[in-house]
Structures are given as structure tokens and as C-alpha cells.
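Engineer: Model the following, please.
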Amino acid sequence: MLCIVIISAVAAVLSICLIMPQIRCRLVKEYIKKISPESTEKYRMLAVRSSTEDVIKKEFLTRLSAVCAALFAGALITGLLFFSAKEPKEVGLIERPAFGSGAKSIALDAVSGSETVKVDMKVKERDADDEALDEFMKAAAKEAFEKALSGNISADEVKLDLSLPSRTSNGAELKWEIHPLAVMSSSGKIRDGIPEEGTDVKLTVTVCYGAYEESFDMHIAVFPKEKKQTASQRLTQYINDVAVYDDEYLSLPDEYNDKKLAFFTREGKGYETSAVLSAFAAVLIWLLSSGRKDRQIKKRQGELKRDYPGIVSRLSVLLASGMPVTAAWKRIGSEYEAALNAGGKKSAGYDEVLLSVKKLENTGQIEDAFMCMAARCDDRDYRRLSASLLQSLKKGSVLMGDRLSKESDTAFEMRKENARIMGQKANGKLMIPSFMLMCMIMAIVMFPVLKGL
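Structural biologist: Numbers count the residues shown, from 1 in each chain. As a prediction, this is how the structure comes out:
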């Protein structure tokens with residue numbers, strides 16, 4: 001329940017920050033102050049039709065809204081899972097699984113007085129039949145050793161008393177022998193006086209099932225006994241020592257240290273996982289969205305590169321027909337605007353042409369329009385084109401046609417190079433589907449052959 005309250009509170013605070021204009025503006029200002037100069041420059045490159053501050057504000061509020069939505073969704077899912085969770089019920093008997101289905105694990109909450117300890121019980125399967133006896137004898141010995149070492153790190157580091165069970169999950173009886181008894185008693189208690197480097201002890205268990213008996217040995221390294229055990233370790237060891245197996249059930253103890261001991265099924269609390277996942281999703285959304293501007297800049301630079309050859313070629317054709325530079329530039333912008341109105345797709349390069357045309361029409365300062373376009377594009381080719389256009393306006397456009405013709409040839413080679421790079425990327429993306437298709441074909445061909453064998 002605390003998880004739901006925390007997530008809802010955080011989401012509510014963020015929502016208030018988004019709704020209240022004064023708080024929202026204050027957050028945006030603080031965010032802008034903390035942005036590095038490198039990030040500010042990237043935002044400036046994206047500020048084509050608005051100011052840099054507006055672009056930063058829009059991205060910040062978008063990221064904050066996504067985080068808020070993720071937290072609200074997480075709180076809603078967590079609440080639904082919490083209120084739909086089943087109430088724990090008290091259990092004293094746990095039905096053992098049928099033979100052949102394997103042991104099952106059950107999570108319980110052990111309540112003794114005011115103390116609650118989480119206990120994970122492993123309920124072993126029912127007795128094996130006679131035909132599977134030999135197979136289960138080894139399994140019984142393995143389980144016996146594992147239970148004997150319960151609480152210890154491994155057989156190579158035994159620092160706690162052994163818990164020697166008398167029966168296993170398949171109903172076999174166990175008889176234990178320990179050598180030497182000077183190190184460990186016959187009941188598995190570690191004696192005093194063991195050297196710090198440890199002592200080797202031979203642990204022998206005899207598995208008895210009907211008239212069949214078989215002995216198994218294990219060597220363990222015994223070290224001086226640890227002085228302290230946690231309350232959880234003591235209670236867990238007590239439960240494992242006192243729990244009794246019969247043919248079908250595992251009987252749990254009902255008393256511990258003269259106090260009533262009760263066990264409750266630990267129902268799956270999916271709401272806890274949901275709470276953690278929602279918080280993780282909110283952080284992940286914020287971090288992943290931070291790279292959004294880099295992806296936008298990369299996409300924009302790619303569009304500028306792709307559009308440049310077409311712009312230069314079209315400008316060269318218009319100038320060759322005798323059209324002045326300014327008129328030719330406006331013609332390219334008007335053609336692009338008409339294409340947009342007809343439902344055409346936006347493109348960064350032609351968008352810059354249209355913006356420079358609009359600025360030229362509004363201010364009448366053609367030099368300022370070309371210089372602003374070069375600054376926004378921040379690309380060598382566009383800076384060179386802007387410089388050439390400004391030079392032609394100042395010194396005349398006599399040589400402009402020849403320069404654009406050469407630039408058009410260079411742009412054509414650039415277009416071919418871009419096409420080659422895009423083709424390589426497309427081939428790379430097709431590698432995985434092609435490999436999967438090849439595997440399917442191989443499987444279809446090989447299946448009849450393998451089936452015939």
C-alpha cells in the first residue's frame with residue numbers, strides 16, 4: 001500500500017507542476033540554466049521555426065508529461081493488483097505432490113507472537129513405487145545431504161550445526177554416521193576446539209526403503225561454529241528440524257518458544273513488482289528521451305544532405321534560363337510550398353529555402369536571409385551556397401552559372417554517394433530477415449530427410 005501512496009504522490013506533485021503556470025515556468029527556467037552550452041547549441045540547430053528557449057521548453061514539458069503518465073499508469077496497475085490480491089489463509093497441513101510431479105516450493109509467512117518471518121518451504125513429492133526405487137535412492141541421498149547442510153554456505157564451509165533429517169521426500173528412512181565424532185557429534189552438532197583452518201569430516205547416510213538399503217558418503221569441511229544466528233535462521237532451522245513428513249502431507253509445527261506458531265500462504269504480490277517497474281519505466285523514459293534531440297539533429301542533417309543536390313540542380317537550371325538569383329530562389333521556395341499544400345512531405349533543405357524566402361519577403365534584406373539560413377543549417381555545403389549567392393548579388397551573376405554548374409556536378413556525385421550509403425544500410429537491415437528465411441528453407445528441406453531416418 002505504501003508503494004501506491006508514494007507513486008501516486010510523486011505523480012500528483014508532477015501534475016501540479018505541469019498545471020500551475022508559475023511553477024511550470026520556474027521549472028523550465030531552472031532546467032534551461034542547467035543545460036550545458038553543447039546541449040544549448042544542439043537545441044539551437046533544431047529551432048527552425050521558433051526560438052531556442054521554446055524548443056527546450058517543449059521538450060522538457062514533453063518528457064515530464066511522459067514520466068507523469070508512466071507513474072499514474074503504474075499507480076493504477078499497482079492499485080488494481082493490490083486490491084485484487086488474495087487474503088492469506090492459515091495452513092497447518094500442506095498436501096504433498098503426487099509421485100513423479102516433483103517437489104514443490106511454497107512461500108509462507110511464519111507468525112510467532114508479534115514476529116513474522118518469511119519462510120520458503122520445499123514440499124517433497126510422495127513415495128516412489130518399487131520400479132523407480134533405484135533411481136530415487138540417489139535422489140533421496142542428494143536431498144538428505146542438502147537438508148543436512150541447510151543454513152551452511154556449502155559442504156566446503158560448514159559453520160552451523162547439521163540438521164540431519166530422518167526421512168526424505170520419497171518416503172525413504174535415513175540413518176546417519178559421522179566420523180570422526182571428536183569433531184562433530186552423531187546428531188550433527190559441531191564440537192569446540194576445531195582449528196581455524198577447518199577439519200575434514202566424513203558424513204555417511206544410509207537410505208532405507210523397504211528391504212533395500214544403500215550408503216552414500218560425503219566429505220565436508222567443518223570450521224569453528226559461528227557464535228550468532230539471526231532470528232530468521234533459528235526459526236527456519238527449527239521448522240526444518242520439527243516438520244514431519246507422512247505419506248501425503250508435510251505437518252508443520254504449531255508452537256515455537258512456548259508461543260503459538262502459525263503459517264500463512266504468501267500470495268504473489270504482483271503490485272510490488274508493478275510499483276518497481278513503473279518507477280523504473282519513468283526513469284527510463286526520462287533518460288531515453290534525453291537522446292531525442294540528438295536523433296532529431298541527425299535526421300535533420302541527413303535531410304539537408306539529401307536535399308542539397310536537388311536544390312543546386314534546380315537553381316542551376318533556373319539561372320541558365322535567364323532568371324535572376326532572387327527570383328530563382330523564390331521560385332524554388334514557392335514550388336516547395338505548393339507541394340506542401342498538395343500534401344507533400346516536409347524536408348529540411350527545402351524548408352530552409354522556404355523560410356529564407358519568407359524572411360526575404362517580410363524584411364526585404366536578402367543578405368540577412370541567406371546568412372540566417374547558413375547559420376541554421378550549420379553545414380559546409382549550405383554555407384558555401386549562401387556565400388556564392390551573396391557574392392553573385394554583390395558582383396553580378398555572370399560567373400554564377402559556371403560555379404553552379406560545377407557545384408551541380410559535385411552535388412550529383414554526392415547524391416550517388418548518399419544513395420550508395422542508404423543502399424548499404426538497407427542491405428544491413430535485411431540481413432536478419434534473410435537469415436531467418438534461409439533457416440526456414442533449410443528446415444523445410446531437412447525435415448523429410450530426418451523423418452525418413
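
Engineer: Show the subsequent helix or strand relative to the lowest-mean-pLDDT helix or strand in the chain.
Structural biologist: Lowest mean confidence among the helices and strands of the chain (mean pLDDT, DSSP states H and E): helix 37-46, at a mean of 65. Per DSSP states H and E, the first helix or strand lying C-terminal to helix 37-46 is helix 52-84.

Engineer: Output the contacting helices and strands for the helix or strand following that next one.
Structural biologist: Helices and strands here follow DSSP H and E; after helix 52-84, the next one along the chain is strand 90-91. Taking 3 or more Cβ pairs under 8 Å, 6 or more residues apart in numbering; DSSP states H and E as contact, the helices and strands that strand 90-91 lies on are strand 259-265. Glycine gets a C-beta too; all of them are placed from N, C-alpha and C.

Engineer: how about the strand it packs on: buried residues?
Structural biologist: Leu261, Ala262, Phe263, Phe264, Thr265 (16 or more other Cβ atoms under 10 Å).

Engineer: Parallel or antiparallel, list what pairs with it.
Structural biologist: Strand 259-265 pairs in its sheet with strand 90-91 (antiparallel), strand 104-112 (antiparallel), strand 255-256 (antiparallel), by DSSP bridges.

Engineer: Could you export the helix or strand following the longest one as PDB, CA atoms only?
Structural biologist: The first helix or strand that comes after strand 104-112 along the chain, using DSSP H and E, is strand 115-123. As requested, C-alpha coordinates have been extracted for strand 115-123 and formatted as PDB (Å, rounded to 0.1, in the frame of the first residue of the first chain):
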ATOM      1  CA  GLU A 115       7.200 -11.700  15.000                       C
ATOM      2  CA  THR A 116       6.600 -12.600  11.300                       C
ATOM      3  CA  VAL A 117       9.300 -14.400   9.300                       C
ATOM      4  CA  LYS A 118       9.200 -15.300   5.600                       C
ATOM      5  CA  VAL A 119       9.800 -19.000   5.200                       C
ATOM      6  CA  ASP A 120      10.300 -20.800   1.900                       C
ATOM      7  CA  MET A 121       9.300 -24.500   2.300                       C
ATOM      8  CA  LYS A 122      10.100 -27.200  -0.100                       C
ATOM      9  CA  VAL A 123       7.400 -29.800  -0.100                       C
END
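
Engineer: still on that earlier bit, pLDDT and distance to Ser386 added to the buried residues of strand 259-265, as CSV?
Structural biologist: Converted to CSV, those look like this (pLDDT from 0 to 100; distance: Cβ to Cβ, whole Å):
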residue, pLDDT, distance to Ser386
Leu261, 86, 85
Ala262, 85, 83
Phe263, 81, 80
Phe264, 78, 77
Thr265, 72, 75
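
Engineer: Just flag the most distant two among those.
Structural biologist: For the buried residues of strand 259-265, the maximum inter-member distance is 15.2 Å, found between Leu261 and Thr265 (Cβ to Cβ).

Engineer: What is the neighbour count of the closest residue in space to Val28 that isn't next to it in sequence?
Structural biologist: Counting by Cβ to Cβ, 6 or more residues apart in numbering, Val28 lies nearest to Lys57, which is 5.0 Å off, once chain neighbours are set aside. Counted with other Cβ atoms under 10 Å, the neighbours of Lys57 add up to 20.

Engineer: With Leu287 as the reference, measure out to Lys57.
Structural biologist: 20 Å (Cβ to Cβ, to the nearest Å).

Engineer: Surely Ile332 touches Val353?
Structural biologist: Yes. The criterion here is Cβ atoms under 8 Å, and Ile332 meets it with Val353 at 5.4 Å.

Engineer: any low-confidence regions in the stretch 101-250 of the chain?
Structural biologist: 101-102, 125-133, 170, 210-211, 226-231 (pLDDT under 70).

Engineer: Strands along that one, start to end?
Structural biologist: Ranges of strands within the stretch 101-250 of the chain are 104-112, 115-123, 173-179, 199-209, 212-222, 244-245, 249-251, based on DSSP state E, counting those that start in this stretch.

Engineer: Give me the distance between the first one and the centre of its chain.
Structural biologist: Using Cα atoms, centre = their mean, to the nearest Å, the distance from the centre of strand 104-112 to the centre of the chain it belongs to is 31 Å.
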